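# Everything below, folded, please.
(2 chains)
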Amino acid sequence: MEIESSNNIPMECGFHEVEEPYSDHTKVVRPKSLEELIQELHKIFDSDKVNVDYVKRLMTLYISNRKDWKKYAKFDPHRYTRNLVDAGNGKFNLMVLCWGEANGSSIHSHANAHCFMKVLDGSIREELYDWPSEDSTGTSMSPRQKNTYEKNRCAYISDEIGLHRVENPSHSDKAVTLHLYSPPFDECESFDQRTGHKNTVKVTFWSKFGKRTPYGVCATTKEERKNAENN
Amino acid sequence: MEYLRRQSESDTSSSESEFNGENAEDLSYSDLETVPDFLLLRSNELRALQLDHNEILCLPDTISSFKNLVTMDISANNMTILSPELVKLHNLKTFIARNNCFDTDSIPKDFGLMSSLEVLNLGGNNFKELPPQVTELEHLRCLYMGGNKIEEVNSSIKSLTNLEVLYLGGNCLTEIPAEVGCLHKLTALVLCDNQIQSLPPTLIHLQQLRSLSLHNNQISTLPTAIVSLNIVELSLRNNPLVDKFVQDLVYNPPTLLELAGRCIKIDGLPYSCEELPRHLVQYLDSAHHCVNIKCKGVYFSSRVEQVKFVDFCGKYRLPLLQYLCSPSCSTVISPSPSLSSDSEPEEEDNTKERMRRVLLG
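Numbers count the residues shown, from 1 in each chain, chains lettered A, B, ... in the order given. This next block holds a predicted model:
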């Protein structure tokens, strides 16, 4: 499956453009609910080509409504949670992440997948990092850019762009984000900021389709449980 | 490891279910300046009330007629004072008052009598300390005081023996009292975004602790106690943690009593209350074993402080403060500065067992 940005679409003068559906992000219609957003995403990801700008615009245009996502908003006092909303017929995973006050992730990569993150509640801070190079192993990583996303904004990242850490900057507000990953992945790399060393970690779900799914019960080996990013 | 049921998790869902139930009223984001009269018609039946994100500067006295309220949220109302009538809500378990303008003077003097309270959220206000009334709430299980201006935590926190979650992130703390170690039911301790320089060794008593948030502080070493805890989530980034093996040169030479005591303990000479005065027996019993397993030494009060690095899960190296019986003992431990963990394989195994995952800096 090919994912492209509209920057790559060649314009041919004098010929009738063959308009592929879901390729012109200026023609995105606002989804009226999360359910509608999901239906649109299924249609978009059915085709072989997916346009990043189109998906980003679609996710941005959905106006967050707590009633839509309340059942996925499950918080843990110890860390952020990942709650699967839709398994996208294997083409994508859509999930709600719940960030308690000051919860954050490690610096991580995205398994060659494309990642969209929309803020449903509260606000989110993102620190972008470059991939540590061969020469820089052992030196500490510092962010090249910091972004704050308010409610309804949508961010995009891929391994090409770099790595990031995501966190809830507030000590008095929770935050909720909607993530789309394509293709779906259950492992990524986590980086030690002080040295640039990386580890492969498993990412798991706190709940699926609104129902709690504890990883500890399902894990078969101690090693797996030890390396799980989410429990 | 089996999945551990987290009490606080079931609480979130229980207060959620209160908000979802029939006897709930959601008046959040409604441009209200006061509690509307129509609500009084439901005052007896309401169990959950959301009044957050309005402009209600003060709760009316009639709030006390909502006798069956279990959960109430008055966050984000620019409130400066809490009505004393609130104290009459004898069934209130969860009280959320984030992002207002409260300080210690705003809290009613009888607030400590609200023995039904289990979850209290006063995050994002103007508190400079924990109001004394808060430490009287014996049944409190979750206390959120994040994003205030708290400079000191009073030792009276030890009264909150039922506390499971203590959130103190985003304040102005430079230390926390040793009495935090008395909170034996604590599972989550959040201290990030402060100016904390060190942690009390009494943390060793927090055997139920699962998460410890320490990022963005001024911490240079951690007490050895941390190794024996069963923490699953630990955040340490942005602390001036010691990078290399440092030897502390401060060493108080031992007293004659100490030297005699060491001889008795090391050689295993028997002693009892029949031969020795009681205070000496107690002194001998208080001997600490040198942390260097290759050394059979003991010490009483004369010891060397040392920073040692311990690997956790092969992912992260934490600087721990340890005590050795003498400066010469330390030369036995470490073959080279960078390989401190290799010399004590037993301890390393234990730490790998215990520290399952560390949120990397």
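# going forward, measure contacts between C-alpha atoms and count neighbours the same way
OK.
# Endpoint to endpoint, stretch B:87-101 covers what distance?
19 Å (CA to CA, to the nearest Å).
# Just the CA trace of stretch B:150-162, in PDB.
The C-alpha coordinates for stretch B:150-162 follow below in PDB (Å, rounded to 0.1, in the frame of the first residue of the first chain):
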ATOM      1  CA  ILE B 150       3.800  24.300  47.200                       C
ATOM      2  CA  GLU B 151       7.200  24.900  48.800                       C
ATOM      3  CA  GLU B 152       7.100  22.400  51.600                       C
ATOM      4  CA  VAL B 153       5.100  19.300  52.500                       C
ATOM      5  CA  ASN B 154       4.300  19.200  56.200                       C
ATOM      6  CA  SER B 155       5.200  16.000  58.100                       C
ATOM      7  CA  SER B 156       1.500  15.800  59.000                       C
ATOM      8  CA  ILE B 157       1.100  14.100  55.700                       C
ATOM      9  CA  LYS B 158       1.800  10.900  57.600                       C
ATOM     10  CA  SER B 159      -1.900  11.000  58.800                       C
ATOM     11  CA  LEU B 160      -3.100  10.100  55.300                       C
ATOM     12  CA  THR B 161      -2.400   6.400  55.800                       C
ATOM     13  CA  ASN B 162      -4.900   5.400  53.200                       C
END
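# Pull out the buried residues from that stretch.
Buried residues in stretch B:150-162, counted by 16 or more other CA atoms under 10 Å in any protein chain shown: B:150-154, B:157-162.
# for those, which one is nearest B:Pro277?
Each of these was checked against B:Pro277 using CA to CA; the closest is B:Lys158, at 34.8 Å.
# Quickly list what A:Val166 is bridged to.
Each beta-bridge partner of A:Val166 is listed here, defined by DSSP bridges: A:Glu126.
# Show the contacting residues for it.
A:Val166 is in contact with A:104-107, A:124-127, counting by CA atoms under 8 Å, 6 or more residues apart in numbering or on different chains.
# what do you get for B:Asp103?
When the contact criterion is CA under 8 Å, 6+ apart, the partners of B:Asp103 are B:80, B:125-128.
# Low-confidence stretches in chain A?
In the prediction, chain A carries residues with pLDDT under 70 at positions A:1-19, A:216-231.
# Domain-wise, how is it divided?
What automatic domain parsing lists as the domains of chain A is A:2-61, A:72-229.
# can you give me the offset of the first one from its chain's centre?
I take that to be domain A:2-61. A distance of 18 Å separates the centroid of the chain from that of domain A:2-61, by CA atoms, centre = their mean, to the nearest Å.
# ditto for stretch A:204-211
Using CA atoms, centre = their mean, we find the averaged C-alpha position of stretch A:204-211 to lie 15 Å away from the chain's own average C-alpha position.
# Please spell out which residues along it are buried.
Within stretch A:204-211, the residues that qualify as buried are A:204-208, A:210, counting by 16+ other CA under 10 Å.
# Among those residues, name the ones in strands.
For the buried residues of stretch A:204-211, the ones inside strands are A:207-208, with DSSP state E as the criterion.
# will you turn the buried residues of stretch A:204-211 into CSV that also has distance to chain B?
Compiled in CSV, the buried residues of stretch A:204-211 are given as follows (distance: CA to the nearest CA, whole Å):
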residue, distance to chain B
A:Thr204, 14
A:Phe205, 14
A:Trp206, 12
A:Ser207, 13
A:Lys208, 16
A:Gly210, 12
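# Would you mind listing what in the stretch 51-200 of chain B touches chain A?
Residues of the stretch 51-200 of chain B lying close to chain A by CA under 8 Å from any CA of the partner chain are B:98-99, B:123-124, B:146-147, B:165, B:169-170, B:188, B:192.
# Check whether stretch A:65-76 comes into contact with chain B.
Yes. Against chain B, stretch A:65-76 shows contacts by CA under 8 Å from any CA at A:74-76.
# hey, where'd the helices end up in chain B?
Counting by DSSP state H, chain B has helices at residues B:7-20, B:256-267, B:278-285, B:327-333, B:345-354.
# do the same with chain A
Secondary structure of chain A (DSSP H): helices located at A:34-46, A:52-61, A:66-69, A:215-218, A:222-227.
# A ChimeraX selection for the contacts of B:Asp103, restricted to the buried ones, would help me check which they are.
Entered in ChimeraX, the line below selects the buried ones among the contacts of B:Asp103, by 16+ other CA under 10 Å:
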select /B:80,125,126,127,128
